[in-house]
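Peer 1: Dropping a prediction and its sequence here:
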Amino acid sequence: MENKQSADVLLTADRTLMSNYHHNEFLGFGTCAPPNFLPEWLYSYLFFPPIETTSDHPWTAPYGLRKTEAQLIKEGFKVDTVSPHHLGKHLKDAKVLGVHAMDPFGLGPASTTLASIFKKEPYLAKHFQALLRSPQVREAKKNGLKIIVGGPGVWQFHYREKAAKGLGIDCILEGEGENVVGKLFKAAVEGQDLPSHYEVDLGETPSIDEIPDIQKPSINGLLEIGRGCCRGCQFCNVTLRPLRWYPPEKIERELNVNLNSGKVNGACLHAEDVMLYGSKNTTPDPEKLLQMHQMVMKRVDSISWSHCSLAAVASSPKVFRQISEIIQQKQDWWGVEIGIETGSPEIAKKIMPAKAHPFSADKWPDVVVEGMGLAHDNNLVPACTLIVGLPDETEEDIAKTMDLVDDLKGMRSLIVPLFFVPLGHLTNKDWFTKTKLSERHRELLIQCAEHDFYWVDNLLDWSFNDKWYSPIMKEFYKGFSAIAKHKVREIE
Ligand code: SF4
């Protein structure tokens, strides 16, 4: 039932985040691109069409925003999540606006790479800033509205300190917010001063019992199954948080919220490594993994994974095949994002020594080939990331990464090279920009683009085989891909 009372707290996200990406998370990567040769209206429609709404409320919303909403409801706030297109008319009575941010200045690895090649700000950043600069938000600010921004991209404000003020933001909330959003939003509703940047410290990190269930459906049925990661890669923020897994009952309750809404019939399982669900270390727990997949698959039409590790796949081929069989009872393939990062054992040993665990770091390229081979044979389609410009990277390291990409040629996947961004334990290191691109780097970028263009037609055929408009859409994406291929070859 919709809330008829006017809400003190409004929650929203910009239009690149309030989209179901045609139910294909891979298309969400399109938000990281800058405006390009396609007219903006067409590009937006192809990659981030606006979410459907009822009475200005989005049918589904980003999972992180739904968690904040759930926590605020639990603490007795009058809260309303509205679509960015309809925000204006709700601002009159609101006291606080909470905004979810993913990549507010385009400093995330994918955006930085594309922006420095094409020399323009990505759509994600453009729409985040446009939302806060809109005349309606400015007007509401003059009338006392407080603005709190949270989400996975707020670390970027450390690099854009003055921007928060310019955008009218009162408080930036960084980290897992469950134990602190209540006090911050209460202070904001009461018109008190807020800390300009609140970083959740380790002692405030919520336990599983303190994380509320979402109350309303999430985009594409995203379901968190755990938080944190135990691999400790030095360039990663996630690793600074403890590992916690949701019990199956909690996953099922959130699944019910999504399915009972009638707006979602699939699930995207979200964890840093879905293959490690329920395990205490880097070895998969077959029983918990299989039971959880059986429970979810019984209820949904389709499934995808947010992330998994190749080490976990390679170490447990039997359970991986069994999961694939469960999933393939209802669909031909499923997708996931996977970090390869480097083909150099020397770099792996230095900055991600546990990424290959239970194998040793100097076997990393073999682990990648083994895991990717299993993924290919069992119809898991990975979108893989490589990090270009890691600290102390040598020409030899890049050559080893190129050898690895060559070994992956026959394996159905996308490989996306990303410029190094100083995060996690490497925040004091330098950013990597296009000016530092060596000839070898350029060859690696082209090699990845060739790999992707080789597989993209195949993936489009698999992705768009079930809707009446699929053949038309497919041709559009293929056309876009062909032009993009031409542009990539023009990079100097
Ligand atoms: S495995 Fe992934 S999530 Fe875990 S620390 Fe490494 S990069 Fe971060």
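Peer 2: Nice, I can see it. Worth saying up front: this structure is predicted, and the values here are computed from it rather than measured.

Peer 1: contacts and neighbour counts: CA atoms only from here.
Peer 2: Fine.

Peer 1: residue contacts, residue 272?
Peer 2: Under the criterion of Cα atoms under 8 Å, 6 or more residues apart in numbering, the neighbours of residue 272 are 226, 227, 228, 229, 306, 307, 308.

Peer 1: Mind pulling up the pLDDT for it?
Peer 2: Among the per-residue scores, residue 272 shows a pLDDT of 95.

Peer 1: Look up which helix or strand it falls in, please.
Peer 2: Here residue 272 sits in a region with no helix or strand, counting by DSSP states H and E.

Peer 1: how about it, phi and psi?
Peer 2: As for residue 272, its main-chain torsions (degrees, to the nearest 10) stand at phi -70, psi -30.

Peer 1: Going along the chain, name the helices of the stretch 101-250 of the chain.
Peer 2: With DSSP state H, counting those that start in this stretch applied, the stretch 101-250 of the chain shows helices at 109-118, 123-132, 135-142, 161-166, 181-189, 248-260, listed in chain order.

Peer 1: Give me the distance between the closest residue in space to residue 241 that isn't next to it in sequence and residue 175.
Peer 2: When the adjacent residues along the chain are set aside, residue 241 lies closest to residue 228, with 5.1 Å between them (Cα to Cα, 6 or more residues apart in numbering). With the distance defined as Cα to Cα, to the nearest Å, residue 228 ends up 12 Å from residue 175.

Peer 1: So for those two, which sits in the more crowded spot?
Peer 2: Neighbours per residue, other Cα atoms under 10 Å: of residue 228 and residue 175, the larger number sits with residue 175, 23 against 18.

Peer 1: doesn't residue 202 make contact with that one?
Peer 2: No - between residue 175 and residue 202 there is no contact under Cα atoms under 8 Å: 9.3 Å.

Peer 1: The stretch 301-450 of the chain against the ligand: which residues are in contact?
Peer 2: Taking Cα under 6 Å from any ligand atom as the measure of proximity, the stretch 301-450 of the chain contacts the ligand at residue 355.

Peer 1: Mind telling me which residue of the stretch 301-450 of the chain is nearest the ligand?
Peer 2: Among the residues of the stretch 301-450 of the chain, residue 355 lies nearest to the ligand; the distance is 5.6 Å by Cα to the nearest ligand atom.

Peer 1: neighbours around residue 344, how many?
Peer 2: By other Cα under 10 Å, the residues close to residue 344 number 24.

Peer 1: Check the contact between it and residue 402; I expect there is one.
Peer 2: No - with contacts defined as Cα under 8 Å, residue 344 does not count as touching residue 402, sitting 9.5 Å away.

Peer 1: Show me what secondary structure element comes after the helix or strand residue 46 falls within.
Peer 2: Per DSSP H and E: residue 46 is located in helix 40-47. Once helix 40-47 ends, the next helix or strand along the chain (criterion: DSSP H and E) is strand 53-54.

Peer 1: tell me what the following helix or strand past that following strand is packed against?
Peer 2: Using DSSP H and E, the helix or strand that directly follows strand 53-54 along the chain is strand 57-58. When contacts are defined as 3 or more Cα pairs under 8 Å, 6 or more residues apart in numbering; DSSP states H and E, strand 57-58 packs onto no helix or strand at all.

Peer 1: List of residues touching strand 57-58?
Peer 2: Strand 57-58 is contacted from outside by 18, 51, 52, 81, 82, 83, using Cα under 8 Å, 6+ apart.

Peer 1: about what we covered before: with residue 9 as the reference, name the closest of the helices of the stretch 101-250 of the chain.
Peer 2: The stretch from the helices of the stretch 101-250 of the chain with the least distance to residue 9 (Cα to Cα) is helix 181-189; that distance is 7.8 Å.

Peer 1: I'd like the average pLDDT over that closest one.
Peer 2: 97.

Peer 1: Stretch 360-371 too?
Peer 2: Stretch 360-371 carries an average pLDDT of 97.

Peer 1: what residues does it touch?
Peer 2: Contact with stretch 360-371 is made by 310-311, 313-314, 340, 343-346, 348-349, 352-356, 359, 404, 407-408, as judged by Cα under 8 Å, 6+ apart.

Peer 1: give me the residue from the stretch 1-150 of the chain nearest the ligand.
Peer 2: Ranking the residues of the stretch 1-150 of the chain by distance to the ligand (Cα to the nearest ligand atom) places residue 109 first, at 12.5 Å.
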